[in-house]
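Chemist: Build me a model from this:
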Amino acid sequence: MSITFTVDKFINDSTEKLVGLRCVDASNNVFIVDKRIDIVDGTTDAQYVQQAYTAAKAEIDEWAAGISVQGMVFNPDSNSLSEAP
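Modeler: Have a look, this model is predicted:
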């Protein structure tokens with residue numbers, strides 16, 4: 001499954017940075033997750049986003065797994081899923 005990640009929020013809040021990621025799959029399903037990352041001198045913007053992604057990975061994976069079967073056809077005879085025609 002292909003997911004595009006866009007930075008949705010990037011806000012300084014005293015000692016933390018609020019980083020929001022907007023996750024969109026190929027079917028335009030959307031999941032938005034926010035993470036607070038401690039501000040550390042010398043950390044780049046890309047590093048903050050990477051840390052937020054790492055902190056949110058389990059949630060993103062759970063969302064992706066949950067939508068991966070939406071729209072598929074279930075065949076009870078063969079106990080299988082297939083793409084809709």
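Chemist: If you average the pLDDT over the helix or strand where residue 34 lies, what comes out?
Modeler: Assignment of secondary structure by DSSP states H and E places residue 34 within strand 30-38. Model confidence over strand 30-38, given as mean pLDDT, is 98.
Chemist: This protein: strands as residue ranges?
Modeler: With DSSP state E as the definition, the chain shows strands at residue ranges 3-13, 16-25, 30-38, 73-75, 80-82.
Chemist: residues touching the most centrally placed residue in the chain, list them.
Modeler: For the chain, the residue lying nearest the average C-alpha position, counting by Cα atoms, centre = their mean, turns out to be residue 60 (3.8 Å). Residue 60 makes contact with 3, 21, 23, 31, 33, 53 under the criterion Cβ atoms under 8 Å, 6 or more residues apart in numbering. Placement of C-beta: from N, CA and C, glycine included.
Chemist: Could you report the separation of it from residue 15?
Modeler: Summarising the geometry, the distance separating residue 60 from residue 15, computed by Cβ to Cβ, to the nearest Å, is 25 Å.
Chemist: which stretches of the protein have low pLDDT?
Modeler: Within the chain, the ranges that satisfy pLDDT under 70 run 1.
Chemist: what about residue 25, how many residues close to it?
Modeler: Look at residue 25: counted by other Cβ atoms under 10 Å, it has 16 neighbours.
Chemist: so the closest residue to residue 4 other than its chain neighbours bridges to which residues?
Modeler: Residue nearest to residue 4 in three dimensions, not counting chain neighbours: residue 24, with 5.0 Å by Cβ to Cβ, 6 or more residues apart in numbering. Beta-bridge pairing for residue 24 (DSSP bridges): residue 4, residue 30.
Chemist: Noted, bye for now.
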